[in-house]
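Participant: only the shape, not the letters, is given here:
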């Protein structure tokens with residue numbers, strides 16, 4: 001009798017351990033160092049929110065890891081000859097997540113849901129930071145349940161790719177009206193994962209959408225996101241096996257995991273996978289150049305150019321990022337874009353020229369130049385201190401202010417930062433996306449022109465580029481606009497990033513891509529019993 005009880009006890013222990021291991025292998029775990037605030041896709045303006053909302057919501061189209069545009073809720077589409085009319089034919093078998101707003105059931109998605117979602121995106125009451133993406137949209141209408149039409153003011157070749165942005169996600173009117181301002185904390189979409197639990201600052205859990213319209217996806221039962229603000233602490237959790245992957249590098253652990261020339265150290269080869277890819281992301285410093293605020297724009301232009309010439313970008317990447325990244329010598333358009341030009345004459349280290357520009361501005365060797373305040377967060381403190389140190393060698397006194405990420409974003413968006421560290425990650429694979437940051441109608445807080453740069457010639461070229469369907473002609477125009485940015489220097493391009501991900505050996509299907517978007521539908525973990 002005692003032997004039977006002991007044997008039963010062993011069985012319980014074994015299957016209990018197996019169940020725990022099996023469940024662990026059905027959950028993808030990653031960390032997000034910054035607070036999300038909301039999961040409403042119309043506020044998905046940064047990578048953290050885009051990554052999460054991409055798991056919950058769908059749009060008309062999507063792109064794959066090679067940036068090809070693919071059907072999503074729309075199964076096919078037609079564009080008229082002059083490129084101003086888009087007609088999308090929707091699948092008739094896609095449902096919103098099961099929810100109390102549908103009496104604990106779900107509801108079929110129709111073209112009228114897209115009509116509602118688009119109107120909400122441009123609503124002044126909602127005040128979405130993504131409303132600018134609709135600037136070229138003349139009209140949109142649901143023709144019937146499965147047909148949605150969009151008309152543009154002007155032909156715009158990147159528009160189809162633009163529709164992959166989370167801003168264009170479809171949301172149900174019933175849920176928005178039910179939750180009102182709390183919809184962003186109770187999101188309901190059509191995506192591969194459904195919202196389950198959100199403990200502020202602790203954990204966010206998404207569960208598999210068992211009615212997802214793409215067959216046999218997603219491959220795991222859940223996503224678990226922690227919110228460890230310290231990236232070194234998150235890295236240590238990854239090494240312990242408590243996170244399945246981490247993305248990017250940080251000064252706190254780069255020397256631990258990478259060699260000086262950017263390779264994975266030998267001691268980690270057997271326990272960690274490293275993937276690297278070009279990344280359509282330009283890291284930069286921005287100057288507030290609002291003509292209503294800046295009293296002497298020509299002096300500011302000379303000072304801005306002097307700062308651009310005051311430091312060695314190659315040296316900066318080698319010592320601060322172990323060689324990960326590409327020095328931004330060519331302007332704002334990053335390497336990897338079809339319109340990127342190797343011959344663009346941007347900024348490189350030239351101390352003598354920097355000093356000459358300061359003298360022309362009336363500040364020889366920086367004498368009499370007021371302190372310049374550079375706003376950043378802890379993640380980029382080392383980079384900003386490097387710039388600070390290099391600028392001091394030409395007499396430019398920079399004081400670095402460190403802000404929490406949310407405060408920094410607010411300062412930048414509301415023009416409270418005269419000089420700030422920022423980055424622009426491509427929303428779609430066309431340089432227009434980058435050049436939109438300097439179009440005057442896109443002034444923040446309602447658009448991405450955070451520097452408030454204004455130039456009539458630039459605006460004219462930007463609008464004219466919409467009508468150029470032929471790539472070569474449009475790319476030449478893009479290069480001319482980038483040259484204007486270089487001349488007036490409202491920014492300091494630092495480097496074009498590279499996408500780096502570290503994952504556990506048992507994590508399969510996790511791809512890197514130039515957009516650094518996160519698609520967890522195909523990711524799964526090898527099940528192993530110890």
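Facilitator: Alright, I've got the coordinates. The structure displayed is predicted, hence computed values, not measured ones.

Participant: need the pLDDT of residue 529.
Facilitator: On pLDDT, residue 529 comes in at 50.

Participant: I should have written residue 15 there, sorry.
Facilitator: 40.

Participant: can you verify residue 451 is assigned to a strand?
Facilitator: No: going by DSSP: H, G, I helix; E, B strand; the rest coil, the assignment for residue 451 is coil, not a strand.

Participant: was I right to think it contacts residue 442?
Facilitator: No: counting by CB atoms under 8 Å, residue 442 is not a contact partner of residue 451; they are 10.5 Å apart. All C-beta atoms are positioned from the backbone trio N, CA, C, and that covers glycine.

Participant: have a look at these two and say which one is more surrounded.
Facilitator: More crowded of residue 451 and residue 442, by other CB atoms under 10 Å: residue 451, with 24 against 20.

Participant: in contact with the more buried one, which residues?
Facilitator: The contact partners of residue 451, taken as CB atoms under 8 Å, 6 or more residues apart in numbering, are 286, 287, 288, 289, 437, 438, 490, 491.

Participant: now the second one, which residues is it bridged with?
Facilitator: With DSSP bridges applied, residue 287 shows beta-bridge pairing to residue 419.

Participant: tell me which residues touch it, please.
Facilitator: 300, 304, 418, 419, 451, 489, 490, 491, 492.

Participant: relative to residue 396, how far out is the fourth one?
Facilitator: Separation of residue 419 from residue 396 (CB to CB, to the nearest Å): 11 Å.

Participant: quick one: pLDDT of residue 4?
Facilitator: So, for residue 4, pLDDT stands at 48.

Participant: tell me how many other residues crowd the nearest residue to residue 202 once chain neighbours are set aside.
Facilitator: Spatially, and ignoring its direct neighbours in sequence, residue 202 is nearest to residue 227 (6.4 Å; CB to CB, 6 or more residues apart in numbering). The tally of other residues near residue 227 (other CB under 10 Å) stands at 19.

Participant: report the separation between residue 227 and residue 44.
Facilitator: 17 Å.

Participant: again with residue 371
Facilitator: 36 Å.

Participant: wait, which of the contacts of residue 287 is closest to residue 348?
Facilitator: Checking the contacts of residue 287 against residue 348 by CB to CB gives residue 492 as the nearest, at 12.3 Å.

Participant: strands paired with the helix or strand harbouring that closest one, and their directions?
Facilitator: Here residue 492 sits within strand 491-504, counting by DSSP states H and E. Using DSSP bridges, the strands paired with strand 491-504 are strand 245-247 (antiparallel), strand 272-287 (antiparallel), strand 326-327 (antiparallel).

Participant: the ones you listed into JSON lines, with extra columns for mean pLDDT?
Facilitator: Below are the strands paired with strand 491-504 laid out as JSON lines (pLDDT from 0 to 100):
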{"stretch": "strand 245-247", "mean pLDDT": "96"}
{"stretch": "strand 272-287", "mean pLDDT": "94"}
{"stretch": "strand 326-327", "mean pLDDT": "94"}
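
Participant: could I get those strands in TSV, plus columns for distance to residue 197?
Facilitator: Converted to TSV, these look like this (distance: least, CB to CB, whole Å):
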stretch	distance to residue 197
strand 245-247	21
strand 272-287	29
strand 326-327	40
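
Participant: in the stretch 351-500 of the chain, which spans are strands?
Facilitator: With DSSP state E, counting those that start in this stretch, the ranges of strands along the stretch 351-500 of the chain come out as 372-376, 398-402, 419-425, 491-504.

Participant: can you list those strands in CSV and add distance to residue 356?
Facilitator: Shown next, in CSV, are the strands of the stretch 351-500 of the chain (distance: least, CB to CB, whole Å):
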stretch, distance to residue 356
strand 372-376, 19
strand 398-402, 19
strand 419-425, 21
strand 491-504, 18
